[in-house]
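Colleague: Provided below for reference: sequence and predicted model.
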Amino acid sequence: MSTNESSILLKAITRDIDDRGSILSIVDSDIKNVSIIECNKGIIRSNHYHKKDYHFMYVIDGEIDYFFTDLNREKINYIKVKKDNIIFTPKMEIHATYFPKKTKLIVSSLLPRDQETYEEDTVRVEFINKQNLSLMLKKYETT
């Protein structure tokens, strides 16, 4: 996975199915952290970009309204991320997430997620908020 692309939806890869069950690969990339994150209904998260880190988010249950843009904010992009979808977020891309329902996801990141490493790599921005969320959903959700 190239880490200089924009956010994209990826497909999980079924590696094996037999009498015992199956193996579904959700990340085939260098990572140093895997976290399970639970997000309550109606919450906005992210509103930042990472200088070096990238991450993959696999939705176990629920869904995400995912907004992203380049650092110049020339064009806002939107993806509806549903259960069993994987979204890749590259470094140096502003992203924000809105959770219209309670959502549980697995996040796999290039860098460790201790607080010091995370804060050093994360730049917070004002992107999606309660004041512009309805307008953004109306504008992008149907595109």
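Modeller: Done, it's in.

Colleague: Just the element for the residue nearest in space to the middle of the chain, please.
Modeller: Among the residues of the chain, the smallest C-alpha distance to the mean C-alpha position (C-alpha atoms, centre = their mean) belongs to Met57, namely 4.7 Å. For Met57, the element it lies in under DSSP states H and E is strand 55-61.

Colleague: If you count contacts, what does whichever helix or strand comes after that strand end up packed against?
Modeller: Under the assignment DSSP H and E, the closest C-terminal helix or strand after strand 55-61 is strand 64-69. Of the remaining helices and strands, those touching strand 64-69 by 3 or more C-beta pairs under 8 Å, 6 or more residues apart in numbering; DSSP states H and E are strand 77-81, strand 86-89, strand 94-99, helix 133-140. For glycine as for every other residue, the C-beta is placed from the backbone atoms N, C-alpha and C.

Colleague: what would the ones you listed look like in a markdown table with mean neighbour count, mean pLDDT and distance to Gly62?
Modeller: Output for those, formatted as a markdown table (neighbours: other C-beta atoms under 10 Å; pLDDT from 0 to 100; distance: least, C-beta to C-beta, whole Å):
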| stretch | mean neighbour count | mean pLDDT | distance to Gly62 |
| --- | --- | --- | --- |
| strand 77-81 | 17 | 96 | 9 |
| strand 86-89 | 21 | 97 | 13 |
| strand 94-99 | 22 | 98 | 7 |
| helix 133-140 | 13 | 95 | 16 |
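
Colleague: So for Lys51, which of these sits nearest?
Modeller: Closest approach to Lys51 among those is made by strand 94-99 (12.1 Å; C-beta to C-beta).

Colleague: Identify the residues contacting that closest one?
Modeller: With C-beta atoms under 8 Å, 6 or more residues apart in numbering as the test, strand 94-99 has contacts from 7, 39-49, 62-71, 73, 89, 125, 127-128, 133, 137.

Colleague: Quick one: buried ones out of those?
Modeller: Restricting the contacts of strand 94-99 to buried positions leaves 7, 39, 44, 46-47, 49, 62-69, 89, 127-128, 133, 137, with burial counted as 16 or more other C-beta atoms under 10 Å.
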